[in-house]
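S.K.: Provided below for reference: sequence and predicted model.
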2 protein chains.
Amino acid sequence: MRETDIPLVRELPLFRDMSEEHFETLMRGGYVQNFPPHVELISEGDPSDFLHIVTEGSVELFAGWNDRETTMATVEPHSTFILAASIKDAPYLMSARTLEKSRLVMLPSMDVRTAFEKDNAFARAIVTELAQCYRSVVKNTKGLKLRSSIERLANYLLRQQKKTGGDKSFDLTIEKRRLASYLGMTPENLSRAIKSLQPYGVSIDGIRVTVSDPDDLATLAKPSMWIDGHDADTKTF
Amino acid sequence: MRETDIPLVRELPLFRDMSEEHFETLMRGGYVQNFPPHVELISEGDPSDFLHIVTEGSVELFAGWNDRETTMATVEPHSTFILAASIKDAPYLMSARTLEKSRLVMLPSMDVRTAFEKDNAFARAIVTELAQCYRSVVKNTKGLKLRSSIERLANYLLRQQKKTGGDKSFDLTIEKRRLASYLGMTPENLSRAIKSLQPYGVSIDGIRVTVSDPDDLATLAKPSMWIDGHDADTKTF
DNA sequence: CATTTGGCTTGATAAATATCAAGCGCAAAA
DNA sequence: TTTTGCGCTTGATATTTATCAAGCCAAATG
């Protein structure tokens, strides 16, 4: 494990309050690996051997059933994923693949569970992370069940605009087909949904999005604190 | 708080391993209340003042947006709900109402957070519960995104049949309109979905469900461990 | 006992979403 | 530079799901 990655991990909310001793033990068992794009890192149903931390690049979490597939989330630096499975020693519920050249820190789940048993500060940090994960998924479910696909897209764009600094124009960070899947629609429908938002000042050219009048778009999107708001700290999956 | 409720709470996985001292402190601040049917216990967005535990009756968790409403879950004895919000001291993401005459233990979130800080066994139990909650919601999301409404119904029926002991006939535990909302469809569509499962040996008369040939139904439902399987222990919400 | 209420069902229709089949356009590879 | 591939778009169509409007039935009410 390279020295440059360790301080990065140490600063994450999840590891910040651990004792130095337990942190070092945990890091000793871990390692760093670089992956090319489009590599499947883990598969749904596999035993959860490692807790993963993305330090460079990006990773897609997805799930499949009956020859269908859906994007559940994309994980960007510096977030962990599959924490719940690692802690519970339960099989992964999602698969993961790199979207681009990516660098991952991998900590054996066994060591994570040991640290969880021994280090109280770590156990508490895990609670905070898991509570956040849970709330994120609940919000996502509410969006899926209460909103139409156009409404989901409109809210996604408003959230992204806010996240990227609030400028009228910003770039999509994921491919449209993946965005469509994430939002629970087909790529064809995403194209049409984008066009149907034109009257609300939305235009998308390639990956470049322009929302000329966020307030106008908000009259359609009706963003809600309890669906679109984000809790503090870093997101984990 | 009545004495009869305390041992019941003590036996829950969440409280089982707490020190007697911390448990008693936590119980001293709590109280028990009986509610008539159809009472709104908490509302989306409210500050999370209490951790709730259902000891009798049943409670519906639901969420609303833009004049629409959806059932997220039903909580039955002896489960807790709104643990994540209590721990994070964050607003509720879901509302809750009694479905029938119900009895609830209510523990001030403040006291729960104090116990979480002081009692390491409790902190660890919370991790286990939250991990489970998280995994439940992820499975639910997968079902919503990967399956049609008929497939969701078919799998729901197979899960219920298993849960109630595996007999060919069993009773629905929630009203059809709530089941429809839980499954992400309208009541009208639930009626039609039920009829469309007749060729697979499903018949529903009132609340009485008969699945004459589960294997046949399973050829349509294609139940999956990673969507329909349930983790060990008690479910929390 | 009659009446009312509310949940459920059914049919007809409308809207939302998916599928299929081209074609377009950009970017990577030859 | 040309070619190729792939993601994106578009139009036509099919499927799924929702909405609207009765009507039915059983449980609750007077």
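M.R.: On my side now, so go ahead. Because the structure is a prediction, the values reported are computed rather than measured.
S.K.: ok, the most centrally placed residue in chain A - contacts?
M.R.: In chain A, the C-alpha nearest the mean C-alpha coordinate belongs to A:Val75, at 3.7 Å (CA atoms, centre = their mean). For A:Val75, the contact set (CB atoms under 8 Å, 6 or more residues apart in numbering or on different chains) comprises A:54, A:58-61, A:81, A:96, A:237. Where C-beta positions appear, they are placed from N, C-alpha and C, glycine not excepted.
S.K.: Now do the helix or strand where A:Gln160 lies: which elements does it pack against?
M.R.: Using DSSP states H and E, A:Gln160 falls within helix A:149-163. Contact partners of helix A:149-163 among helices and strands, from 3 or more CB pairs under 8 Å, 6 or more residues apart in numbering or on different chains; DSSP states H and E: helix A:120-146, helix A:187-196, strand A:208-211, helix A:214-221, helix A:225-228.
S.K.: Can you report how many residues neighbour A:Arg192?
M.R.: Residues near A:Arg192, counting by other CB atoms under 10 Å in any protein chain shown, number 13.
S.K.: Test my guess that A:Ile87 contacts A:Met110.
M.R.: No - in this structure, A:Ile87 is not within contact of A:Met110 by CB atoms under 8 Å, at 11.3 Å.
S.K.: More neighbours: which of these two?
M.R.: Set A:Ile87 next to A:Met110 and count neighbours by other CB under 10 Å: A:Ile87 wins out with 24 against 14.
S.K.: Next up, the contacts around the more buried one.
M.R.: A:109, A:112-113, A:116, A:126, A:130, B:127-128, B:131.
S.K.: can you check A:Pro187 too?
M.R.: Applying CB under 8 Å, 6+ apart to A:Pro187 gives the contacts A:176-177, A:180.
S.K.: one more time with 10 Å
M.R.: Remark: with contacts taken as CB atoms under 10 Å, 6 or more residues apart in numbering or on different chains, A:Pro187 is in contact with A:175-181.
S.K.: Show me what from chain A comes close to DNA strand C.
M.R.: With CB under 7 Å from any atom of the strand as the criterion, chain A comes near DNA strand C at residues A:148-150, A:184-186, A:188-189, A:206.
S.K.: Could you export these as TSV, including neighbour count?
M.R.: Below are the residues of chain A next to DNA strand C laid out as TSV (neighbours: other CB atoms under 10 Å in any protein chain shown):
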residue	neighbour count
A:Ser148	10
A:Ser149	18
A:Ile150	20
A:Gly184	19
A:Met185	20
A:Thr186	12
A:Glu188	10
A:Asn189	16
A:Gly206	8
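S.K.: With respect to DNA strand D, which of those residues is nearest?
M.R.: Nearest to DNA strand D among those: A:Glu188, at 4.0 Å, using CB to the nearest atom of the strand.
S.K.: now the contacts of A:Pro187 as a markdown table including distance to chain B?
M.R.: Shown next, in a markdown table, are these (distance: CB to the nearest CB, whole Å):
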| residue | distance to chain B |
| --- | --- |
| A:Glu175 | 18 |
| A:Lys176 | 17 |
| A:Arg177 | 15 |
| A:Arg178 | 13 |
| A:Leu179 | 14 |
| A:Ala180 | 12 |
| A:Ser181 | 8 |
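S.K.: which bits of chain A sit near DNA strand D?
M.R.: A:175-177, A:187-188, A:190-192, A:194-195, A:204.
S.K.: Give me the outermost residue of chain A relative to its centroid.
M.R.: A:Pro199 (30.6 Å).
S.K.: if I look at it, how far off is B:Lys195?
M.R.: Per CB to CB, to the nearest Å, A:Pro199 is found 40 Å from B:Lys195.
S.K.: hmm, back to that, torsion angles phi and psi at the residue nearest to the centre of chain A?
M.R.: Backbone dihedrals for A:Val75, given as degrees, to the nearest 10, come out at phi -110, psi 130.
S.K.: quick revisit: in CSV: the residues of chain A next to DNA strand C, plus pLDDT.
M.R.: Listed next are these as CSV, based on pLDDT from 0 to 100:
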residue, pLDDT
A:Ser148, 98
A:Ser149, 98
A:Ile150, 98
A:Gly184, 98
A:Met185, 98
A:Thr186, 98
A:Glu188, 97
A:Asn189, 97
A:Gly206, 92
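S.K.: Return the member of these nearest to B:Met225.
M.R.: Of all those, A:Gly184 has the smallest distance to B:Met225: 22.7 Å, by CB to CB.
S.K.: For stretch A:63-76, buried residues please.
M.R.: A:63-65, A:70-76 (16 or more other CB atoms under 10 Å in any protein chain shown).
S.K.: Dump the residues you listed into CSV; add pLDDT as well.
M.R.: Below are those laid out as CSV (pLDDT from 0 to 100):
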residue, pLDDT
A:Ala63, 98
A:Gly64, 97
A:Trp65, 97
A:Thr70, 98
A:Thr71, 98
A:Met72, 98
A:Ala73, 97
A:Thr74, 96
A:Val75, 96
A:Glu76, 94
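S.K.: quick one: which of the residues you listed is nearest DNA strand C?
M.R.: Each of the buried residues of stretch A:63-76 was checked against DNA strand C using CB to the nearest atom of the strand; the closest is A:Thr70, at 9.7 Å.
S.K.: Okay, and the beta partners of that closest one?
M.R.: For A:Thr70, the beta-bridge partners are A:Ala63 (DSSP bridges).
S.K.: hang on, isn't it packed against A:Phe62?
M.R.: Yes - A:Thr70 lies in contact with A:Phe62 (CB atoms under 10 Å); the separation is 6.4 Å.
S.K.: Alright, that wraps it up for me.
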